[in-house]
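K.L.:
here is my input; please provide its structure:
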Amino acid sequence: MKYEQINNSLFIENRKNLANLLKANALAIFQSNDEFPRSGDQNFPFKQNPDLFYLSGIVEEQSILLLFPDCPNPLYREVLFLRQTNDLIKVWEGHKYTKDQARSVSGIENIYWLEDFDNILHSIIHYADHVYLNTNENDRYAHTVTYRDIRFIEQLRTKYPLHHYERVAPLMRELRAIKSDVEIALTQKACDITGGAFLRVLKFVKPGVMEYEVEAEIIHEFISKRATGHGYSPIIAAGNNANILHYTDNNQECKDGELILMDFGAEYGNYNADLTRTIPVNGRFTKRQKEVYNAVLTVMDESKKLMVAGAIWNTYHEQVGEIMTEQLIKLGLISVTDVKNQNPKYPAYKKYFMHGNTHHLGIDVHDFAGRYTPFAVGNILTCEPGIYIPEEGLGVRLENDILITKEGNMDLMAKIPIIAEEIEDIMNA
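P.N.:
Presented below is the predicted three-dimensional model:
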C-alpha cells in the first residue's frame, strides 16, 4: 500500500459495532473479492471487498474474516485467514502479510493461514444459531457475474443445509453510511490530494493540450502524494464531450474557446474523493459560458443548504429540481410555459440536467447506504449539479463532497477554487 498505515482502532471499533447488530449466537463470514483475469497471464489490479476492508483493514487477495462474538471457544471469536506466502510467491508477486503484520493492521489477534479455514469453520459452525453471509446489495450494482461471495454461499448451503442463513448487507449498509472521525479524516486527505491535482491542472491547461495530458497531470499528483490512484475512471471532457455523462476516452484536443469538464478523485487509504470542475481552456470564460457556469454554481450553493440531517432523498432532489428550473428559465433554455405543461414524471429541467444531485461517498465512490434513509449526521455525500447544452457545445458540472454535521453540513472541498474569477486568476497568473 502507498498510504500510511491506518490506526487499527478504526477496524476494531467497526467490528464491535457490527457485533452489536448481530443476533445472539451468530457467526458472520466475509470474503475477499475475486482476482479477475485481464489477459492470458495477467490479472486486473486487485481491489479489496469494501466490507472486509471496513472490518479488518486488510487489502490482500484470498483473505477471509470470521466473526463469532458468542463462540464458546474464545480463540475463534475473531479470526482472520490469509494466503500463506512461499518462495515462488515472494519472487513473482512480492510482499504478503506476515501474521504479525496482519495483527498490526487489523487488531485481530488470531491469524491463521487459509488452509486452516475449512477445519476451523467446521469445528464451530454447529454451535451458531445464525450464519450471516455477504453479497453485493449496492443499488447501483447489476448482478451479471458470479463472484466469490455467491460461490461460497452455494458451497455452504450444500454442506450445511439446515443452518439459518442471514443477510449481513443490511447491517453493513447501516454502519458504513455513518462515517467515524477517522474515516472523515481519510476522506479529507483524499479531498486535499484531489484539490492539489486541480491546482496543478489549472496551471497546465492551455489550448492545444490533449485530454489525456490533463489526466496524466492528475495521476502524477495523486501518486506523488501517496494516493493509491484514481478512485474511479476520470472524465476529462473538452467541448461537446462534456455532454457525454460517462465520457472516459480522454483522447481529444482541448481547443481555444472551449470549456473542459473534469470529474476525478483520489483514493487514499481506500477512501475516495469525488470532484468536478469545469474550466475555460484558454483561461477566460466567455459571457455565455460564465452565465451557465454561475447558474450551476448557484444551484450548488442553494442545494448544499438543503443537505442536513433528516432530509429525505426524493424530496431533496425535487427541491434541487425547482432551483435548477429557475436557473434554466433565466438562461433561456426552458420557458415558464414549458414548466407549466411539463410531464411530472419527466420535468422540463431534465432536458438539461438529467442526473441526480448527490450520492453517498466512502470506501466505494457510490458508497453503500440506504436510498430511502434520511440524511444523517456522519453521512458524506456529493453535491453535483450540472447543465448540459449539446446545441451550444458546452456542458458545466460542479461537484464538492459534503459532510452532514449536527450544525448543518461541512464542505470538505471548501478550499478548492470554484469561483469563476478565481479560476481565471489562477490560470492567468
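K.L.:
show me where the stretch 101-250 of the chain has strands.
P.N.:
110-113, 130-133, 165-167, 229-230, 235-238 (DSSP state E, counting those that start in this stretch).
K.L.:
let me know which of the ones you listed is the nearest to I29.
P.N.:
Evaluated over the strands of the stretch 101-250 of the chain, closeness to I29 peaks at strand 130-133, with 6.1 Å, by C-beta to C-beta. The C-beta positions use only the backbone N, C-alpha and C, and glycine is treated the same way.
K.L.:
tell me how far the closest one lies from the chain's centre.
P.N.:
Centroid separation for strand 130-133 versus its chain: 27 Å, with C-alpha atoms, centre = their mean, to the nearest Å.
K.L.:
ok, back up a step: need the winner for burial among the strands of the stretch 101-250 of the chain.
P.N.:
strand 235-238 (a mean of 26; mean count of other C-beta atoms under 10 Å).
K.L.:
show me what that one is packed up against.
P.N.:
helix 211-224, strand 259-264 (3 or more C-beta pairs under 8 Å, 6 or more residues apart in numbering; DSSP states H and E).
K.L.:
pipe those into a markdown table and attach mean neighbour count per row.
P.N.:
Below are the helices and strands packed on strand 235-238 laid out as a markdown table (neighbours: other C-beta atoms under 10 Å):
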| stretch | mean neighbour count |
| --- | --- |
| helix 211-224 | 18 |
| strand 259-264 | 25 |
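K.L.:
need these in a markdown table with mean pLDDT, can you?
P.N.:
Shown next, in a markdown table, are those (pLDDT from 0 to 100):
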| stretch | mean pLDDT |
| --- | --- |
| helix 211-224 | 98 |
| strand 259-264 | 98 |
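K.L.:
how about the strands of the stretch 101-250 of the chain, which one is nearest R173?
P.N.:
Judging the strands of the stretch 101-250 of the chain by C-beta to C-beta, what sits closest to R173 is strand 165-167, at 10.0 Å.
K.L.:
for D256, give me its contacts.
P.N.:
Residues in contact with D256 (C-beta atoms under 8 Å, 6 or more residues apart in numbering) are P207, G208, V281, N282.
K.L.:
of those residues, grab the buried ones for PyMOL.
P.N.:
Buried subset of the contacts of D256, written as a PyMOL selection, criterion 16 or more other C-beta atoms under 10 Å:
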select buried, resi 281+282
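K.L.:
so where's this structure shaky on pLDDT?
P.N.:
86-95 (pLDDT under 70).
K.L.:
longest helix of it?
P.N.:
helix 181-204 (DSSP state H).
K.L.:
in that one, which residues are buried?
P.N.:
182-184, 186-198, 200-202.
K.L.:
one more: stretch 113-129?
P.N.:
F117, I120, L121, I124, I125, A128.
K.L.:
one more: stretch 309-326?
P.N.:
Quick answer for stretch 309-326 (16+ other C-beta under 10 Å): A309, A311, W313, Y316, Q319, V320, G321, I323, M324, T325.
K.L.:
got the contact list for it?
P.N.:
Contacts for stretch 309-326 (C-beta under 8 Å, 6+ apart): 298-299, 302-303, 306-307, 334, 339, 347-350, 353, 356-358, 371-377, 385, 387, 404, 406.
K.L.:
which among these end up buried?
P.N.:
298-299, 302-303, 306-307, 334, 339, 347-350, 353, 357-358, 375, 385, 387, 404.
K.L.:
in strands, which of those residues fall?
P.N.:
I387, I404 (DSSP state E).
K.L.:
now the buried residues of stretch 113-129 as TSV including distance to Y147?
P.N.:
Shown next, in TSV, are the buried residues of stretch 113-129 (distance: C-beta to C-beta, whole Å):
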residue	distance to Y147
F117	18
I120	23
L121	20
I124	25
I125	22
A128	24
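K.L.:
what's the closest of these to A227?
P.N.:
Lowest distance from A227 to these (C-beta to C-beta) belongs to F117, with 32.8 Å.
K.L.:
any idea how far S63 is from the closest one?
P.N.:
Distance, F117 to S63, by C-beta to C-beta, to the nearest Å: 10 Å.
K.L.:
contacting residues around L199?
P.N.:
Contact partners of L199, counting by C-beta under 8 Å, 6+ apart, are P417, I426.
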